[in-house]
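S.K.: just to be clear, the model below is a prediction. Sequence and coordinates:
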Amino acid sequence: MPNAKPNATDGDFNLGRRGFLAAGAGAFLCSIGGQNILVERAGDAAKADAAAARVAKPAGAKSRPSAAAPGASPVDQLKFETPVPAPGGRVVEYWIEATVALWDILPTRPRRDYWHGVPLAGPSVFKAFVYQEMTEGFASPAGPAAIPGPTLECEVGDVLRVHVRNGLPDKYAQAITMHPHGVRYTPEYDGAYLGDFTRAGGYIGPGEEFTYTWEARPDSVGVWPYHDHGPNHTLNSMRGLFGGIIVHAAGAPRPDVSQILFMHSLAPPTTGLRRVFECVNGRAYAGNTPTIQAKVGQDVAIHAIGMDDAFHDFHIHGHRWRKDGGTVSTDNQTVGPAETITARFTEDNPGRWLYHCHVMSHQDNGMAGFYLVTP
Amino acid sequence: MPNAKPNATDGDFNLGRRGFLAAGAGAFLCSIGGQNILVERAGDAAKADAAAARVAKPAGAKSRPSAAAPGASPVDQLKFETPVPAPGGRVVEYWIEATVALWDILPTRPRRDYWHGVPLAGPSVFKAFVYQEMTEGFASPAGPAAIPGPTLECEVGDVLRVHVRNGLPDKYAQAITMHPHGVRYTPEYDGAYLGDFTRAGGYIGPGEEFTYTWEARPDSVGVWPYHDHGPNHTLNSMRGLFGGIIVHAAGAPRPDVSQILFMHSLAPPTTGLRRVFECVNGRAYAGNTPTIQAKVGQDVAIHAIGMDDAFHDFHIHGHRWRKDGGTVSTDNQTVGPAETITARFTEDNPGRWLYHCHVMSHQDNGMAGFYLVTP
Amino acid sequence: MPNAKPNATDGDFNLGRRGFLAAGAGAFLCSIGGQNILVERAGDAAKADAAAARVAKPAGAKSRPSAAAPGASPVDQLKFETPVPAPGGRVVEYWIEATVALWDILPTRPRRDYWHGVPLAGPSVFKAFVYQEMTEGFASPAGPAAIPGPTLECEVGDVLRVHVRNGLPDKYAQAITMHPHGVRYTPEYDGAYLGDFTRAGGYIGPGEEFTYTWEARPDSVGVWPYHDHGPNHTLNSMRGLFGGIIVHAAGAPRPDVSQILFMHSLAPPTTGLRRVFECVNGRAYAGNTPTIQAKVGQDVAIHAIGMDDAFHDFHIHGHRWRKDGGTVSTDNQTVGPAETITARFTEDNPGRWLYHCHVMSHQDNGMAGFYLVTP
């Protein structure tokens, strides 16, 4: 729509007005290597990248944190063993490369909002940062680069061994990490940049590789996010550097249908695009977002995880579940950043259903999808 | 206060400054029939209404969705039976008309904030959209038109049969629906406009009637909202088109006092008024909002439901309850859009108590009320 | 940094741009004695203080509310007994003075963000309102004035007897109160200003004292906030007038490590400073915020409480806990204003860990700290 006027509303999404939907919306602060960068306009992301590129590898990421660092504690000098599986457990191995990919938020052709039955227009492709699954030894991509990254799946007693390579192109040369939720890890495998207190897994420089080893403990059962927690983690998480982890109870029946839905926005300061998209798994509007499928009688588990600065409210039409496995029945549950809520139920209601964030502006900005149930 | 200056603060509420309390506050996006309309200023609601008026009745709302629609699935061709009550259950019937009503957010005379003991001034009446309860066969109003609409109440095993008539005046001619939470319904009775996939209950055009049939299943026990989910649902929900559903467990003791409190804002883009009101059941400030009454010894159930784009935190002075029926005691609980939290307790503390949203700007903008307990 | 430019980002925090991080961010509405004051700019707090200073002592705060007050109810004429401890319980007594203190949000010297290993610059001292613990009979300060105020700790069956003196200097002469969550109190000890319905504890004028008597009931077990609920409660809560209450189950084992973390912002309209600080217990950035310490094997309880207008998401690295004591394992939980969430676990993971709000802009604005675990 090259001739769309700033305030055009039909067809295009160039919402030119001030407000939470225009440029300026989706602003956030990055604290990177001593700089505070407000990512509010398209050029700001480049400033954050430049600041991140200047963050040098801390000594602790090479051996151990210095005992002389300001604020150092004896705990910084502790040594840790790399964990092994519990008896009967396995090593579950992944190769993942952090890379840049052109990502289309509206992949349908012609682009369409299938909920409202209308065409979509306007630019929708941006340079995403993604965790791309690779085959063993980083031999080749194991599939297309995508938001979210691959789901890491294991059972209590197992160890996840995750080889991460920083394959960001030179233009974006900066350290990244992978920080997991839910699993048990020592500080070496926390995957968090901590300045002077950074451990080995907290800084994977450009071109470097690191292997994380995480344990699936009994209290790890559940579904969790992982995400970048390096020097530029806020911007990088906002542009796609995240994925999911599923830890099953040992021997427990697995759901027939399992779907992770990341609820997050892709906003102009992050994407350089003209509008905010409220997304599910990097896509916006039903038909572009995941279409979940199930059959009557199946055990269904849908996991909603927040992955931006906002709070969301996850609703599925035609279904109810026990809130947090307790006694309260719900069909709509609050979920915050990097928090997970799980809707688990035995499917009994065939048809086409909508799922969406019940924050209405999120829903109307694309945070919705279909759930199709066959008899 | 005809001579109030833009920045006057005494008595009047004409908060002329930019910010979340001025015009511009309460902005939200509507996605209507292929248009994206930012409802940010007074005139924008009329644009949304005009867009909604242009949304034609989908074929599926007349018979079944077309198998040729882009993205169609075999589930769109499924036929569904209208549910009947479980053995021993009843049909509980309501007649409800969607209509427009002049609604005063500050009904006390003289208008007063009874918490702070001060007069209130400034315009407070706007054109609300409401679900008005009617007598059998839509013969006549069953009471005054109000926010929220009538509470639909039944027991597990019952069927709710809800006859809805679209009585919106010509000026606002547009389809509406009624979408329930918590109860069990087939896609025919989902009450959601879904473009090409719309079923019968998803588009009630101007002057039309539709009868929804919903089942109260065991996992429907609880208190839930219903609201418009037609082409203009976001704006319509924002201006009053919602109400509550109570499903009792079969034979379970009912609370002596039961009160639903919708927590929502009525903002300038929606109302055309000069300021934001943070409301409980369409009213703002204690004495205008519901005054709940109970006696010591009574079983009290207060249900707070979010009904806007914000998150709230429901607090009652002098009382505690079990969070989600679990083991944690609380007196203050987060509640998101269309989510319900329930405070249930045996009354043991006489006196005048305040309830309010603990988001302080909400509380100070009117989201508060009294709870009076006699010995 | 006297020569820092408005848009400087290095070292300083003078984020001169519009947006949620600049002045204007952290705006909130105060409803004080019939005035509505938008606290959005530095001078606005003084207006709120002036309005609060004009709020006269209601008749009910001296004896009982007038039966002739508009909206009066028979419950306003009820008389209440001062509670006494349950058999075997104690009276636990505190003397606390509301006062003003210069408070440094960044107390490290040189000022430093120990997470990112970088220096901090820019003004960080403001006039906080605090509850200062005093020795018996208000003889002398029991320690430095601090945010939060002293933690009030007791057991079920006990009575908390809290003597509060309004020691605000003349410049800020206004009534304050202390309103508790969780404990049981009669309306006399609610500590809430209620205009014509105010009871004795709802207005402690300048220079006045009041003694609150609160019961620790079985459903009071938990950790709760207290805060000002006088005529100027919103501003006063925003600038430090809050603290914590811990009620233990009678005879229950107490955690080895217990830490309350208030999550709140200190923003320009409140502080007069140039930037927003996202704080934990009145401090911003790891090393300034509380550094929690524990040993492997200890029973650890960390309580996060919201204390501003925002919602937060509390995360600890390397640890998991049962959400609300139920069956769901979490490491990241939503917490709203004046709401408490508790992370309780047996420590088993030595090292340096980060805790932070998972709202990324909060985390990057200082809402983070360290948790050090020794083997």
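M.R.: Great, that's in hand. Numbers count the residues shown, from 1 in each chain, chains lettered A, B, ... in the order given.

S.K.: A:D196 should be in a helix, yeah?
M.R.: Yes - using DSSP: H, G, I helix; E, B strand; the rest coil, the assignment for A:D196 is a helix.

S.K.: is stretch A:119-133 anywhere near chain B?
M.R.: Yes - part of stretch A:119-133 sits near chain B under the criterion C-beta under 8 Å from any C-beta of the partner chain, namely A:P119. All C-beta spots, glycine's among them, are computed from the backbone N, C-alpha and C.

S.K.: buried sites along that stretch?
M.R.: A:120-124, A:126-133 (16 or more other C-beta atoms under 10 Å in any protein chain shown).

S.K.: same thing with stretch A:161-172?
M.R.: In stretch A:161-172, counting by 16+ other C-beta under 10 Å, buried: A:R161, A:V162, A:H163, A:V164, A:R165, A:N166, A:G167, A:L168, A:Y172.

S.K.: right, and A:R41 touches A:T270 too?
M.R.: No - assessed by C-beta atoms under 8 Å, A:R41 is found out of contact with A:T270, at 10.9 Å.

S.K.: give me the more crowded residue out of these two.
M.R.: A:T270 (30 against 16; other C-beta atoms under 10 Å in any protein chain shown).

S.K.: so which strand or helix has the more buried one?
M.R.: For A:T270, the host element (DSSP states H and E) is helix A:268-271.

S.K.: cool, A:A67 as well?
M.R.: Using DSSP H and E, no element contains A:A67; it sits outside every helix and strand.

S.K.: can you get me a residue count around the spatially closest residue to it that is not a sequence neighbour?
M.R.: Nearest non-adjacent residue to A:A67, counting by C-beta to C-beta, 6 or more residues apart in numbering or on different chains: A:Q77, 5.9 Å away. Residues lying near A:Q77 (other C-beta under 10 Å) number 11.

S.K.: please apply the same query to A:R352.
M.R.: A:R352: 28 surrounding residues under other C-beta under 10 Å.

S.K.: just A:P83 next, same as before
M.R.: The tally of other residues near A:P83 (other C-beta under 10 Å) stands at 18.

S.K.: and A:K47, by the same measure?
M.R.: 18.

S.K.: can you tell me the closest non-neighbouring residue to it?
M.R.: A:I37 (5.3 Å).

S.K.: next, count neighbours for the one you found.
M.R.: 26.

S.K.: separation between it and A:Q298?
M.R.: Note on A:I37: its distance to A:Q298, by C-beta to C-beta, to the nearest Å, is 47 Å.

S.K.: check what pLDDT the residue in chain A that chain B sits nearest to gets.
M.R.: Proximity of chain A to chain B (C-beta to the nearest C-beta) peaks at A:G117, 2.6 Å away. pLDDT, A:G117: 94.

S.K.: so who does it touch?
M.R.: A:G117 makes contact with B:P58, B:A69, B:P70, B:L194, B:G195, B:D196, B:F197, according to C-beta atoms under 8 Å, 6 or more residues apart in numbering or on different chains.

S.K.: same thing but at 6 Å, please
M.R.: Counting by C-beta atoms under 6 Å, 6 or more residues apart in numbering or on different chains, A:G117 makes contact with B:G195, B:D196.

S.K.: tell me the contacts of whatever residue of the stretch 151-300 of chain A ends up closest to chain C?
M.R.: Nearest residue of the stretch 151-300 of chain A to chain C (C-beta to the nearest C-beta) works out as A:G195 at 2.6 Å. Residues near A:G195 by C-beta under 6 Å, 6+ apart: C:W115, C:H116, C:G117.

S.K.: next to chain C, which bits of chain A? Give me the list.
M.R.: Residues of chain A found near chain C (C-beta under 6 Å from any C-beta of the partner chain) are A:27-31, A:34-38, A:40, A:71, A:73, A:75-76, A:78, A:181, A:187, A:190, A:192, A:195-197, A:219, A:222, A:234, A:309, A:311, A:324-326, A:336-339.

S.K.: out of these, which are buried?
M.R.: Buried by 16+ other C-beta under 10 Å: A:27-31, A:34-38, A:40, A:71, A:73, A:75-76, A:78, A:181, A:187, A:190, A:192, A:195-197, A:219, A:222, A:234, A:309, A:311, A:324, A:326, A:336-339, out of the residues of chain A next to chain C.

S.K.: A:A61 contacts A:Y203, doesn't it?
M.R.: Yes - in this structure, A:A61 is within contact of A:Y203 by C-beta atoms under 6 Å, at 4.0 Å.

S.K.: shared neighbours of those two, which are they?
M.R.: Shared contacts of A:A61 and A:Y203, defined by C-beta under 6 Å, 6+ apart, are absent.

S.K.: excluding residues flanking it in the chain, which one is nearest the spatially most central residue of chain A?
M.R.: Closest residue to the average C-alpha location of chain A: A:F242 at 3.1 Å, with C-alpha atoms, centre = their mean. In space, and not counting its chain neighbours, A:F242 is closest to A:H227: 3.9 Å by C-beta to C-beta, 6+ apart.

S.K.: that neighbour against A:L235, yeah?
M.R.: No - counting by C-beta under 6 Å, A:H227 does not reach A:L235; the two are 11.6 Å apart.

S.K.: OK, contacts around the residue of the stretch 1-150 of chain A found nearest chain C?
M.R.: Residue nearest to chain C within the stretch 1-150 of chain A: A:G34 (3.3 Å; C-beta to the nearest C-beta). Counting by C-beta under 6 Å, 6+ apart, A:G34 touches C:V118.

S.K.: and it, what pLDDT?
M.R.: pLDDT, A:G34: 79.

S.K.: the residue of chain A most remote from its centre and A:D76, how far apart?
M.R.: In terms of distance from the mean C-alpha position of chain A, A:A68 ranks first, at 35.9 Å (C-alpha atoms, centre = their mean). A:A68 sits 10 Å away from A:D76, going by C-beta to C-beta.

S.K.: show me what from the stretch 151-300 of chain A comes close to chain B.
M.R.: A:G287.

S.K.: mind jotting down where the helices sit in the stretch 151-300 of chain A?
M.R.: A:233-238, A:268-271 (DSSP state H, counting those that start in this stretch).

S.K.: could you tell me the least trusted of these?
M.R.: Comparing mean pLDDT across the helices of the stretch 151-300 of chain A, the weakest is helix A:268-271, with a mean of 93.

S.K.: please state the offset of that helix from the chain centre?
M.R.: Taking C-alpha atoms, centre = their mean, to the nearest Å, one finds helix A:268-271 lying 16 Å from the centre of the chain it belongs to.

S.K.: for stretch A:313-332, same thing?
M.R.: That offset, for stretch A:313-332, works out to 23 Å (C-alpha atoms, centre = their mean).

S.K.: quick one: that stretch near chain B?
M.R.: Yes - using C-beta under 6 Å from any C-beta, stretch A:313-332 reaches chain B at A:D313, A:H317, A:R320, A:K323, A:G326, A:T327, A:V328, A:S329, A:D331, A:N332.

S.K.: wait, A:E133 sits on A:S140?
M.R.: No - A:E133 is beyond contact range of A:S140, at 10.5 Å (criterion: C-beta under 6 Å).

S.K.: which residue packs closest to A:A304, ignoring adjacent ones?
M.R.: Closest residue to A:A304 apart from its sequence neighbours, by C-beta to C-beta, 6+ apart: A:F314 at 3.9 Å.

S.K.: using PDB, write out every CA atom in the host helix or strand of that neighbour.
M.R.: Assessed by DSSP H and E, A:F314 sits inside strand A:312-316. Output in PDB follows, covering the C-alpha atoms of strand A:312-316 (Å, rounded to 0.1, in the frame of the first residue of the first chain):
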ATOM      1  CA  HIS A 312      -1.900 -11.300  29.100                       C
ATOM      2  CA  ASP A 313      -5.000 -13.200  29.800                       C
ATOM      3  CA  PHE A 314      -5.300 -16.500  27.900                       C
ATOM      4  CA  HIS A 315      -8.800 -17.600  26.900                       C
ATOM      5  CA  ILE A 316     -10.000 -20.600  24.800                       C
END
